[in-house]
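Engineer: Using only what follows, build the 3D model:
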Amino acid sequence: MDKIKVSVAGASGYTGGELLRLLLFHPNVEIQQVTSESNYGKQISKVHPNLRGLTNIKFTGLSELEKCDLLFLCLPHGSSMKNIDKFISVGKKIIDLSGDFRLNDKSEFEKWYKEEHVKPELLGKFVYGIPELHREEMKTAQYISSAGCNATTTILALYPLFKNNTIDESKTVVEVKVGSSEGGKKSSPSSHHPERSGSLRSYKPTGHRHVAEMIQELSFGKNISIHFSATTTDQVRGILATSHVFLKEDLDEKEIWKIYRKEYSNEHFVRIIKEKEGNYRYPEPKLLYGTNFCDIGFEKDIHSNRLVVISAIDNLMKGAAGQALQAFNIMHGFDEKLGLQFPGLFPI
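Structural biologist: Modelled structure (predicted):
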């Protein structure tokens, strides 16, 4: 079969680099162009040294994009919607990895992102990009908006519980610990090594805009509340989410296990981690570096109706590039594991 010709707009960032790492080994993909305004003309290995010797592709400019079968957008927030007419004229299909088209409702976008959406008529045309929730829509989609990393970690952890009406919709509390790569490649005073090294810093105790995605995907027509906080760690990659929810009925752990198995027993990239002993009886991001897995575990508080759900991903993979490639595979009728079978490293 002919290979799918793809281009990547904004390929010099961490997400773009991770996506190139995956695409270079995808048997059905030909990388046509990659763009970076600040690295125009350079070989991509000058920016992504892990790709040395694997390709001679050079960065080009956004204005030079040619028609392709699928265009990945790995651009900073706001760039996708401001240039979407140009991108639609170039790409037969589009997967956007920014937050510009994740929300279905214009007012919700403007509430959480604090700015006007310049292309609200397109919001409903993008399929929200978590394959485990929207696989059937993705099969015929022309445009997909890949989900946020914190949102992916939280939504996959709590989706079975909200869907099956198992928990109090008003009392969900989520705390995530995130690696520094979540902040992107552009440096700032807070990312300066003497400031960052060894830190454990609360950076978004309230008001994180990924909460809008969680509410959109988990509400099932009800009014729900999700109280979400994010803390940065000294790790480079990885997200660990600890969610506190409260059961409506006195379910034991076997019954809770059945709820998760009902939703995820056929999902290759979602693993339920529930072991009685050992260092790895709960999900741990370190084991997921470079993989597209989301690991989910839980424990019920024996003194109350509180259920603690623990979930982990690699933010650059299941939270960005890996999930986007999974969606790409579904759009084109490929095995969705294609190019995503790296099992991780141990020890690491």
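
Engineer: by contact count, what packs against the longest helix along the chain?
Structural biologist: Longest helix in the chain by number of residues, with DSSP state H as the criterion: helix 149-163. Judged by 3 or more C-beta pairs under 8 Å, 6 or more residues apart in numbering; DSSP states H and E, the packing partners of helix 149-163 are helix 131-138, strand 172-178, helix 210-218, strand 226-232, strand 239-246, helix 253-264, strand 294-300, strand 306-313. Bear in mind the C-beta positions are built from the backbone N, C-alpha and C, glycine included.

Engineer: Export the ones you listed to CSV and append columns for mean neighbour count and mean pLDDT.
Structural biologist: Shown next, in CSV, are the helices and strands packed on helix 149-163 (neighbours: other C-beta atoms under 10 Å; pLDDT from 0 to 100):
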stretch, mean neighbour count, mean pLDDT
helix 131-138, 18, 98
strand 172-178, 21, 97
helix 210-218, 22, 98
strand 226-232, 19, 96
strand 239-246, 22, 98
helix 253-264, 15, 97
strand 294-300, 23, 98
strand 306-313, 23, 98
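
Engineer: Now distance to Phe342 too, for those, in a markdown table please.
Structural biologist: As requested, these are arranged in a markdown table below (distance: least, C-beta to C-beta, whole Å):
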| stretch | distance to Phe342 |
| --- | --- |
| helix 131-138 | 17 |
| strand 172-178 | 21 |
| helix 210-218 | 26 |
| strand 226-232 | 26 |
| strand 239-246 | 18 |
| helix 253-264 | 20 |
| strand 294-300 | 15 |
| strand 306-313 | 14 |
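
Engineer: so which of those comes closest to Lys92?
Structural biologist: Nearest to Lys92 among the helices and strands packed on helix 149-163 is helix 131-138 (15.3 Å), distances taken as C-beta to C-beta.

Engineer: ok, back up a step: closest to Leu20 out of the helices and strands packed on helix 149-163?
Structural biologist: Comparing the helices and strands packed on helix 149-163 by C-beta to C-beta, strand 306-313 comes nearest, at 19.8 Å.

Engineer: Now tell me what touches the helix or strand that that closest one is followed by from outside.
Structural biologist: Next helix or strand after strand 306-313 toward the C-terminus (DSSP states H and E): helix 321-331. Residues outside helix 321-331 that contact it (C-beta atoms under 8 Å, 6 or more residues apart in numbering): 4, 6, 15, 18-19, 21-23, 26, 70, 72, 93, 95, 97, 129-131, 135, 138-139, 141, 144, 146-147, 152, 269, 291-292, 314, 316-317, 334-340.

Engineer: Please repeat the previous calculation with a cut-off of 6 Å.
Structural biologist: 15, 18-19, 22, 95, 97, 129, 131, 138-139, 144, 146, 292, 336, 338-340 (C-beta atoms under 6 Å, 6 or more residues apart in numbering).

Engineer: related to what we said a few turns ago, so which of the helices and strands packed on helix 149-163 comes closest to Pro285?
Structural biologist: Nearest of the helices and strands packed on helix 149-163 to Pro285, taken as C-beta to C-beta: strand 306-313 at 4.5 Å.

Engineer: ok, the spatially closest residue to His26 that is not a sequence neighbour - contacts?
Structural biologist: Leaving aside its sequence neighbours, His26 sits nearest to Gly339 (C-beta to C-beta, 6 or more residues apart in numbering; 4.0 Å). Applying C-beta under 6 Å, 6+ apart to Gly339 gives the contacts 22, 25-26, 325.
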